[in-house]
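In: just coords:
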């Protein structure tokens, strides 16, 4: 990974390189357990900051697909706050620039098509993340056995499953446009 980050940092113009943790193949239950208490979050935070520095990353990106309950959402907000504080402290101690913190999230600020309605904390995202990556794709696929639809629809007048709806919901939750990466 160090060769990867070094190579990218040598490009002109220089780019920021983030270590993404999680993804669609990651076990959401493990993220839920990690975020469920202070000690677990602290262990994750310390190890992620150490790995990012060890390999020359400029930041960290969390891709938890997806917090399954509103309690998971609350714990995620705590994780964001504690991660940001730890990144600021690490920066002061190391004399290096603070690591960026971002997250890949559901396309909308409210998760509504899984049977368990829940909402991300717009406040935590506004205050503690440098930017947010709503996943404005995979709206329809093999998991939709009753309907066929566009995989990454920009607008949909017949439902809330569209990029337009998702980005609007993030802005309505308090996340400014400049923090949203589509």
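Out: Nice, I can see it. Just so we're clear, the structure is a prediction, and the values are computed from it rather than from any experiment. Numbering: from 1, shown residues only.

In: what pLDDT does the spatially most central residue of the chain get?
Out: By C-alpha atoms, centre = their mean, the chain has its centre lying nearest to residue 103, at 1.5 Å. Residue 103 is assigned 98 on the pLDDT scale.

In: roughly how far apart are it and residue 21?
Out: 10 Å (C-beta to C-beta, to the nearest Å). The C-beta positions use only the backbone N, C-alpha and C, and glycine is treated the same way.

In: Check residue 63 too.
Out: Residue 63 is 7 Å from residue 21, where distance means C-beta to C-beta.

In: ok, now residue 35?
Out: Applying C-beta to C-beta to residue 35 and residue 21 gives a distance of 12 Å.

In: now swap in residue 158 and tell me
Out: 36 Å.

In: Looking at those two now, which is surrounded by more residues?
Out: residue 21 (19 against 7; other C-beta atoms under 10 Å).

In: which residues sit against stretch 25-39?
Out: 22, 40-41, 43-44, 63-69, 72, 75-76, 78-79, 82 (C-beta atoms under 8 Å, 6 or more residues apart in numbering).

In: pLDDT below threshold where in the chain?
Out: Where the chain drops to pLDDT under 70, the residues are 143.

In: What are the boundaries of the helices in it?
Out: Per DSSP state H, the chain carries helices over the ranges 2-9, 28-35, 38-54, 70-94, 122-128, 163-172.

In: any idea how far the longest one is from the chain center?
Out: By that I understand helix 70-94. 13 Å (C-alpha atoms, centre = their mean, to the nearest Å).

In: angle of that helix against helix 28-35?
Out: 60 degrees (axes from the mean of the first three to the mean of the last three C-alpha atoms, to 10 degrees).

In: try the last one
Out: Counting by the same axes, to 10 degrees, helix 163-172 lies at 10 degrees to helix 28-35.

In: circling back to that earlier point, filter the contacts of stretch 25-39 down to the buried ones and hand me the PyMOL line.
Out: Buried subset of the contacts of stretch 25-39, written as a PyMOL selection, criterion 16 or more other C-beta atoms under 10 Å:
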select buried, resi 22+41+44+63+64+65+66+67+68+72+75+76+78+79+82
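
In: Residue 60: how many residues sit nearby?
Out: For residue 60, which is what you asked about, the neighbour count (other C-beta under 10 Å) is 22.
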